[in-house]
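*Asks:* After the sequence you'll find the predicted model.
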Amino acid sequence: MKIRYMLAMAFVSAVCTMAPLYSEDPAELSRKGVEFSDKKMYNEAAKEFQKAVSIYNSASARAYHNLGWVYELKGDYPQAIVNYEEAIRRNPKQLPSYERAGYLYYRTGNYEKAVEAGEFVVKTDPKNTEVIQWLPDAYKMMLQKQQEMMLAKQKEEEMRKREEERRRAQAREAAEKEEEQKPSRYVYATLDGMVRTGYFFDGRDYKYVTTPGMIIDAPWNLYINVTPALDWEFDLTTGTPYLGAIMPAVAAQIEKVQGIYHLGGYFLGLGCLITHYADDFAFVNEFSLQKNNYRRTDFKAGLVFGFRQDKAVMRFSVYPRFLPYDGTHSSGKTLDTDYYEFNLNYTVDKFLSYYSRLFASEYFFFDHTNRRSNYFGVYGFSFGVSLGQYNTLTNEKNVTITLEFTERFYMLDINNDEPYKAFNGQGWFGASTATWFKGEPFSGFYTSGHELSLKAEEPVGAHFFLYQKLLFEMTGSKGDHNEVALQLGAGGVF
């Protein structure tokens, strides 16, 4: 095939050599064009020049084609393609140049251009047998390459999307970390009061139960928590505490102030607990039978510590009696207290959470003149479950229902004649060392109480909420009444 093609090209070259004998001379055409220009016959001049250019281009197209053929024979396909393309540019009707360029496009993997050149040749010369030999495979390879390019583009697009998703995830994570570094709330406050009613066993009467206080004769509580920064937290609690159905008015009012420092998942803080007594029963003994409305105040320093991990928060509050301690150095009539609390809160998800609480409050009333003391204490355990209802559109909490059970143990040691002796009916469940080996290891235990409560909390606007709590306590054998109480409260978050 190549020999035939070379013979044909030699014939074409011979014809081109003889072309000036049978065609117009480009130099003559150019001379005529100049003459027409001098005579200001510009259109005629342009036609003569165009004929000359056409003759020059046709001749040079054949030369570029031949040069391309030489490079093709040498195996220099890129340089051959350059010359074939120049031949086509100079003579777009020169089919042999299309044929050879298309074939070399096919050999070098440029299948789209190969198909384009091959289709032009076949369309112009349907009987061409050279192009048909490689054009079908060029179609196949072009489609395969297009498919590979499409798959590569899809893969690139997927990688781009994954990279964008990764960047978005990193941005979300960075935003979440930045958000975590901000306090979720700056001020949280609640204020509530309680109405107590009891069913008394002696007269089988149902009546209102008073709780003597310094402001009102009813339990109430004000709580304020301030978080000025992520690392610091301050809270204030004040009011007349509710200590259970059987506890007398040992605390007319309390104030508790705490400052807590957070570091990572841990926190540590200091606090001060102030307890006020204002009644007439606590200092009565065999030497002081007369009831007097004494007012006494006790100050206690305390420690708060705990940690937060994932969904759990554990917190300890310790206000021990021995800081400071009312001992033999004291005089007159004094009040000494202590308070311990352990809290564990666990959030299962946005709908469910539960908590447990261990607590102990003890009150020691000393008559140092007569070396006598009276002790009142309450220990307890609480367990609660909260169910939250959420708005599916805004993902905000609507109503929270909390069911809680509390078991209380009331302690009592009256008219103790060895008030300064260690472990003598004061603390450690009110047990006395004198009775440990006599079958009464918990001689300070007085009676128990079993409390069940139901609390409902609902938001009012964006920053405020209301809550109601109904509780029922059934007391043990030494209790004089069962109790039903209602707590009403309001709060705000800013």
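*Replies:* The structure has been received and is ready for your questions. Numbering: from 1, shown residues only.

*Asks:* now residue 453, what's its secondary structure?
*Replies:* strand (DSSP: H, G, I helix; E, B strand; the rest coil).

*Asks:* which residues does it contact?
*Replies:* Residue 453 makes contact with 403-406, 469-472 under the criterion Cβ atoms under 8 Å, 6 or more residues apart in numbering. Heads up, the C-betas are built off the backbone N, CA and C, glycines and all.

*Asks:* any idea how far residue 266 is from the residue most central in space within the chain?
*Replies:* When the chain is reduced to its mean C-alpha position, the closest residue under Cα atoms, centre = their mean turns out to be residue 176, at 5.1 Å. Counting by Cβ to Cβ, to the nearest Å, the gap from residue 176 to residue 266 is 21 Å.

*Asks:* Repeat that for residue 335.
*Replies:* For residue 335, the distance to residue 266 - Cβ to Cβ - is 34 Å.

*Asks:* Residue 220 now?
*Replies:* Applying Cβ to Cβ to residue 220 and residue 266 gives a distance of 33 Å.

*Asks:* The two: who's more crowded?
*Replies:* Of the pair residue 220 and residue 266, residue 220 is the one with more neighbours under other Cβ atoms under 10 Å, namely 20 against 12.

*Asks:* so what does the one helix or strand residue 379 maps to touch, helix or strand wise?
*Replies:* Secondary structure from DSSP states H and E places residue 379 in strand 372-390. Here strand 372-390 touches strand 352-367, strand 397-416, going by 3 or more Cβ pairs under 8 Å, 6 or more residues apart in numbering; DSSP states H and E.

*Asks:* The first one: which residues count as buried?
*Replies:* Neighbour counts over strand 352-367 (16 or more other Cβ atoms under 10 Å) mark 353-355, 357, 359-367 as buried.

*Asks:* same question, the last one
*Replies:* For strand 397-416, burial by neighbour count (16+ other Cβ under 10 Å) applies to 397, 400, 402, 404, 406, 408-413, 416.

*Asks:* Checking my notes, the residue nearest to the centre of the chain in a helix, right?
*Replies:* Yes. Under three-state DSSP, residue 176 sits within a helix.

*Asks:* Distance check, it against residue 474.
*Replies:* For residue 176 relative to residue 474 (Cβ to Cβ), the value is 47 Å.

*Asks:* mean confidence score for stretch 99-115?
*Replies:* For stretch 99-115, the mean pLDDT works out to 89.

*Asks:* All further residue positions should be reported with the first residue as 4.
*Replies:* Renumbered: residue one is now 4, and that last one reads stretch 102-118.

*Asks:* Figure out how far it is from the centre of its chain.
*Replies:* Relative to the mean C-alpha coordinate of its chain, stretch 102-118 is positioned 58 Å out (Cα atoms, centre = their mean, to the nearest Å).

*Asks:* got the contact list for it?
*Replies:* 68, 71-72, 75, 80-81, 83-84, 87-88, 91, 119-121, 124, 131, 133-134, 137-138, 140-142, 144-145, 148.

*Asks:* Can you measure across that stretch, start residue to end residue?
*Replies:* Taking Cα to Cα, to the nearest Å, stretch 102-118 runs 11 Å from one end to the other.

*Asks:* next one: stretch 209-223 to chain centre, how far?
*Replies:* On Cα atoms, centre = their mean, the centre of stretch 209-223 falls 45 Å from that of its chain.

*Asks:* does the closest residue to residue 135 other than its chain neighbours sit in a helix, a strand or a coil?
*Replies:* For residue 135, ignoring the flanking residues on the chain, the nearest one in space by Cβ to Cβ, 6 or more residues apart in numbering is residue 125 at 7.3 Å. Using three-state DSSP, the structure places residue 125 in helix.

*Asks:* Tell me the pLDDT of residue 125.
*Replies:* Looking at residue 125, its pLDDT is 88.

*Asks:* do residue 447 as well
*Replies:* For residue 447, pLDDT reads 85.

*Asks:* Next one: it from residue 331, what distance?
*Replies:* 22 Å.

*Asks:* Of those two, which one has the most company?
*Replies:* residue 447 (24 against 9).

*Asks:* check contacts around the more buried one.
*Replies:* With Cβ under 8 Å, 6+ apart, residue 447 has these contacts: 378, 380, 414-416, 428, 431-435.

*Asks:* from those residues, which two are the most distant?
*Replies:* 415 and 431 (14.0 Å; Cβ to Cβ).

*Asks:* For the chain, which residues score under the pLDDT cut-off?
*Replies:* Counting by pLDDT under 70, the chain contains low-confidence residues at 4-41, 43, 45, 47-60, 62, 180-188, 393-399, 430-431.

*Asks:* okay, now the domains of it?
*Replies:* Domain assignment for the chain, taken from automatic domain parsing, gives 5-151, 191-496.

*Asks:* Tabulate these (TSV), appending distance to residue 163.
*Replies:* Output for the domains of the chain, formatted as TSV (distance: least, Cβ to Cβ, whole Å):
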stretch	distance to residue 163
domain 5-151	18
domain 191-496	31
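
*Asks:* Surely residue 243 is in contact with residue 254?
*Replies:* Yes. With contact defined as Cβ atoms under 8 Å, residue 243 and residue 254 form a contacting pair (7.3 Å).

*Asks:* any idea where the strands of the stretch 54-203 of the chain begin and end?
*Replies:* Ranges of strands within the stretch 54-203 of the chain are 190-203, based on DSSP state E, counting those that start in this stretch.

*Asks:* Just say helix, strand or coil for the closest residue in space to residue 248 that isn't next to it in sequence.
*Replies:* Closest residue to residue 248 apart from its sequence neighbours, by Cβ to Cβ, 6+ apart: residue 486 at 3.9 Å. The three-state label given to residue 486 by three-state DSSP is strand.

*Asks:* Any idea how many residues pack against residue 486?
*Replies:* Residue 486: 21 neighbours (other Cβ under 10 Å).

*Asks:* What sits closest to residue 274 if chain neighbours are left out?
*Replies:* Closest to residue 274 by Cβ to Cβ, 6+ apart is residue 261, at 3.7 Å.

*Asks:* and if you look at residue 209?
*Replies:* Per Cβ to Cβ, 6+ apart, closest to residue 209 is residue 202, 4.9 Å.

*Asks:* Right, I'll leave it there.
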